[in-house]
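Trainee: I'll drop the sequence and a predicted model, then ask my questions.
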Amino acid sequence: MTTTVANIVVCPRCGKKNRVPAAGPGSPKCGNCGAPLPWVTDAGDDDFTEIADRADIPVLVDLWAPWCGPCRMVSPALERIAADFAGRVKLVKVNVDEAGRVAQRFEAQSIPTLLVLDRGRVVSRQVGAAAEARLREWLEQGLREAGRTAGAA
């Protein structure tokens, strides 16, 4: 299945609008200045493999639900982190109420559940809300782990 949904992202460097697809090779860059763009998208049961598992860069997965207060508190921090890690990570948000197979695959017993995936393999897991600084530290560790596994593959 090919995902055709794209988000419009404003380049943090030059301010130009860019169409960023949900899936694709590499990582998005501004068509005007070439700066890395934040890559934030939604995925569900039918397109998770294409959007997350097949990504060329590590993926930060946010398993959340709209009724979950801690999920709503963590979401803005994750989007800021995704912007700061543009070109290094892709943020994929999964509403577990609508994507039961994805939630089951990752055994999400509590939400938010955050994962760092490297080519579809979990390299790090964070269950529950945490302060933004702690999430950044956790993501950095996950990216280091993803780098180690990429070198071993």
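Mentor: Sure, I can see it.
Trainee: Now the longest helix along the chain - C-alpha only, CSV.
Mentor: Looking across the chain with DSSP state H, the single longest helix is helix 132-152. Taking Å, rounded to 0.1, in the frame of the first residue of the first chain, the C-alpha atoms of helix 132-152 are listed here in CSV:
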residue,chain,number,x,y,z
GLU,A,132,11.1,16.8,28.1
ALA,A,133,14.8,16.7,29.3
ARG,A,134,14.4,13.1,30.4
LEU,A,135,12.8,12.2,27.0
ARG,A,136,15.7,13.9,25.2
GLU,A,137,18.2,11.8,27.2
TRP,A,138,16.3,8.6,26.5
LEU,A,139,16.1,9.4,22.8
GLU,A,140,19.8,10.1,22.6
GLN,A,141,20.5,6.8,24.3
GLY,A,142,18.1,5.0,21.8
LEU,A,143,19.9,6.7,18.9
ARG,A,144,23.2,5.5,20.1
GLU,A,145,21.8,2.0,20.5
ALA,A,146,20.3,2.2,17.0
GLY,A,147,23.8,3.2,15.7
ARG,A,148,25.4,0.2,17.3
THR,A,149,22.8,-2.2,15.8
ALA,A,150,23.1,-0.5,12.4
GLY,A,151,26.9,-1.1,12.4
ALA,A,152,26.4,-4.8,13.3
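Trainee: so what does it touch, helix or strand wise?
Mentor: helix 69-84, strand 113-118, strand 121-127 (3 or more C-beta pairs under 8 Å, 6 or more residues apart in numbering; DSSP states H and E). (Glycine included, C-beta is placed from N, CA and C.)
Trainee: tell me how far it is from the chain's mean position?
Mentor: The chain centroid and the centroid of helix 132-152 are separated by 13 Å, computed with C-alpha atoms, centre = their mean, to the nearest Å.
Trainee: Okay, buried residues for that helix please.
Mentor: 135-136, 138-139, 142-143, 145-146 (16 or more other C-beta atoms under 10 Å).
Trainee: same thing with stretch 22-32?
Mentor: Buried, per 16+ other C-beta under 10 Å, within stretch 22-32: 22-24, 27-30.
Trainee: Same list (the helices and strands packed on helix 132-152) but as TSV, adding mean neighbour count.
Mentor: Converted to TSV, those look like this (neighbours: other C-beta atoms under 10 Å):
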stretch	mean neighbour count
helix 69-84	16
strand 113-118	22
strand 121-127	17
